[in-house]
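Visitor: Structure for this input, please:
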Amino acid sequence: MILQEELKRHFGYETFRAGQEETITSILDGCDTLSMLPTGTGKSLCYQLPGQLLDGQVIIVSPLLSLMQDQVEQMKVNGEKSVIALNSFLTYQEKAWALDHIHRFKFIFVSPEMMKSEAFRTASSRIRVGLFVVDEAHCISQWGPDFRPDYLDLGEARERLGMPVTLALTATATRTVRDDIREVLRMEGAAELVHSVDRKNIGLFVRNVEDDRHKRDEVLSFVERLKGPGIIYFTSKRKAEDVALWLREHGVEGVAHYHGGMDHEERILIQQQFLSDKLQIICATSAFGMGVNKENVRFVVHYHLPSSIESYLQEIGRAGRDGRESVSLVLYAEQDASIPLQFMHSELPDDAQIEGAIAAFPSMEWSEIIVALQLSDVQSRFLEYYIQSFARYRSDRMVEEIKRIRDARIAYKRRNLDSVMGWLHTASCRRQVLLDYFGEELQDRPERCCDRCGSDLGEFHGEGVHSYPSQENWADQLKKILLGSVV
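Guide: Down below sits the predicted model:
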């Protein structure tokens, strides 16, 4: 088999991008594979092409509904009809039909939570899985223990499927995180293909500002000068909305906000209009961007600090996928560090919530415990997972273990923040500090590297795409988008 010929036949491409061919060859050789490829290099091809060539179904575990839906729609546009995402976008009847006829689908996207459901277990037992894929596999380490604890059960799920050849894909993973991935997925002896995280066409800049007012002024000046599509990241949903409104009030066209608290239909509309250049700037939380394959994003601004070096690289990697020069700008005020510190302590349950939940379970329904203790989604997932995991322990031992895990997670997040702060204040090349974090050496420093190497934001100029939607057409556009997404 000549892979280039198969690539041309199935996808119309003449050549592979960095890391694709090695990853696909490893899978076709029957090797479990952990592949770390740079953002924007087409990781999805690494399971789509072997999926066409292997017998059996391909199950892809994906972390976000929007991500799996985007992948499904892209595959359908490219002619692959036997693909489905088993998620909440389907009605109960649609999901039941899909599970009853699961053998009809070649590519099956699921969430880690769906993998644990009895209905999916029963359905998947009737098919032969030729390839098991964990997309955004760094989530196993980064999100698993709190945000998405069901990631920690994917190794058991893999065993239930008969230990199929497995591909773990990520763009950012340190040595420790890669070890976590292999351990959780039970991929001892897996081939490991690690490519540089460096995106040489993205200039790296940090600008110190006095306060929030100066931040907004800096953003306005920046987006007026650097034309072209861009993303501005915020920690706060409210701030994302406020700054988007403020930019529009100051004459910037094609600006919208995006966060997880919005209606699903509205989020689809905004994402699609950004992809089609009808919106130029998205003010977003981290809910936006994963799986958004837009090649001409010219800049990524962090209005608030990224939570970790990994998150920062994931987010700036949404820029410059066409290979052209692009910019990352972090705006930093000294008081900014207090925001992630407060968040990392509040997002996990406090002592009283841990003790209260353990005392109430199982005599109370979990939904009642959530209300009584005022648990957030993250706190609820964290507590429910570990209470079930430690069900055999006495209550006092369970309290002790869960507090220990929580404290370890907070300490881990604090170390991540310390790494970000160190990068912000470094006097060295910013690119080299990022690569040091991943154990890499800087090769061939780009001419326009970072502010510490003497580069200036004025060296970067974008090309604007001035096409904005008329308000009266939004409803029609939304209708078309939603109809096009029906499985």
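Visitor: Helix or strand with the lowest mean pLDDT in the chain?
Guide: Per-element confidence for the chain was summarised using mean pLDDT, DSSP states H and E. The lowest value among helices and strands belongs to helix 474-484, with a mean of 45.
Visitor: Around Ile369, how many other residues sit close by?
Guide: If you count neighbours by other Cβ atoms under 10 Å, Ile369 ends up with 23. In this view, the C-beta of every residue, glycine as well, is placed from N, C-alpha and C.
Visitor: wait, it sits on Gln379?
Guide: No - taking Cβ atoms under 8 Å as the definition, Ile369 is not a contact partner of Gln379, at 10.5 Å.
Visitor: Could you list the low-confidence segments of this protein?
Guide: Low-confidence segments of the chain, defined by pLDDT under 70, are located at 1, 142-147, 290-291, 461-487.
Visitor: Can you check the distance spanned by stretch 83-101, start to finish?
Guide: The separation between the terminal residues of stretch 83-101, taken as Cα to Cα, to the nearest Å, is 12 Å.
Visitor: Do you have the strands of the stretch 151-300 of the chain handy? List them.
Guide: Listed in chain order, the strands of the stretch 151-300 of the chain (DSSP state E, counting those that start in this stretch) span residues 166-170, 191-194, 202-208, 230-233, 255-258, 281-284, 299-302.
Visitor: who's in contact with the fourth one?
Guide: So that's strand 230-233. Strand 230-233 is contacted by residues 219, 223, 240, 243, 280-286, 288-289, 297-304, 306, 315, 318-319, 462 when judged by Cβ atoms under 8 Å, 6 or more residues apart in numbering.
Visitor: how about 6 Å then?
Guide: Ile281, Ile282, Cys283, Arg298, Phe299, Val300, Val301, His302, Tyr303, Glu315 (Cβ atoms under 6 Å, 6 or more residues apart in numbering).
Visitor: Next: the second one.
Guide: Counting by Cβ under 6 Å, 6+ apart, the neighbours of strand 191-194 from elsewhere in the structure are Glu22, Thr23, Ser26, Cys31, Thr33, Leu34, Ser35, Met36.
Visitor: Now secondary structure and neighbour count too, for the residues you listed, in JSON lines please.
Guide: Formatted as JSON lines, these follow (DSSP: H, G, I helix; E, B strand; the rest coil; neighbours: other Cβ atoms under 10 Å):
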{"residue": "Glu22", "secondary structure": "helix", "neighbour count": "17"}
{"residue": "Thr23", "secondary structure": "helix", "neighbour count": "27"}
{"residue": "Ser26", "secondary structure": "helix", "neighbour count": "22"}
{"residue": "Cys31", "secondary structure": "coil", "neighbour count": "16"}
{"residue": "Thr33", "secondary structure": "strand", "neighbour count": "25"}
{"residue": "Leu34", "secondary structure": "strand", "neighbour count": "25"}
{"residue": "Ser35", "secondary structure": "strand", "neighbour count": "26"}
{"residue": "Met36", "secondary structure": "strand", "neighbour count": "26"}
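Visitor: pretty sure Ser419 contacts Ile309?
Guide: Yes - with contact defined as Cβ atoms under 6 Å, Ser419 counts as touching Ile309 (5.2 Å).
Visitor: How many neighbouring residues does Gln272 have?
Guide: Other residues lying near Gln272 total 20 when counted by other Cβ under 10 Å.
Visitor: wait, Ser428
Guide: Other residues near Ser428 number 12, with proximity taken as other Cβ under 10 Å.
Visitor: what's the answer for the one 5 residues further on, then?
Guide: Other residues lying near Val433 total 20 when counted by other Cβ under 10 Å.
Visitor: which residues in the stretch 1-150 of the chain form helices?
Guide: If DSSP state H, counting those that start in this stretch is used as the criterion, the helices of the stretch 1-150 of the chain fall at 3-11, 20-28, 45-53, 65-77, 92-100, 112-116, 118-124, 139-142.
Visitor: Next, format those helices as JSON lines and append distance to Ser428.
Guide: Listed next are the helices of the stretch 1-150 of the chain as JSON lines, based on distance: least, Cβ to Cβ, whole Å:
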{"stretch": "helix 3-11", "distance to Ser428": "40"}
{"stretch": "helix 20-28", "distance to Ser428": "32"}
{"stretch": "helix 45-53", "distance to Ser428": "34"}
{"stretch": "helix 65-77", "distance to Ser428": "34"}
{"stretch": "helix 92-100", "distance to Ser428": "52"}
{"stretch": "helix 112-116", "distance to Ser428": "38"}
{"stretch": "helix 118-124", "distance to Ser428": "49"}
{"stretch": "helix 139-142", "distance to Ser428": "26"}
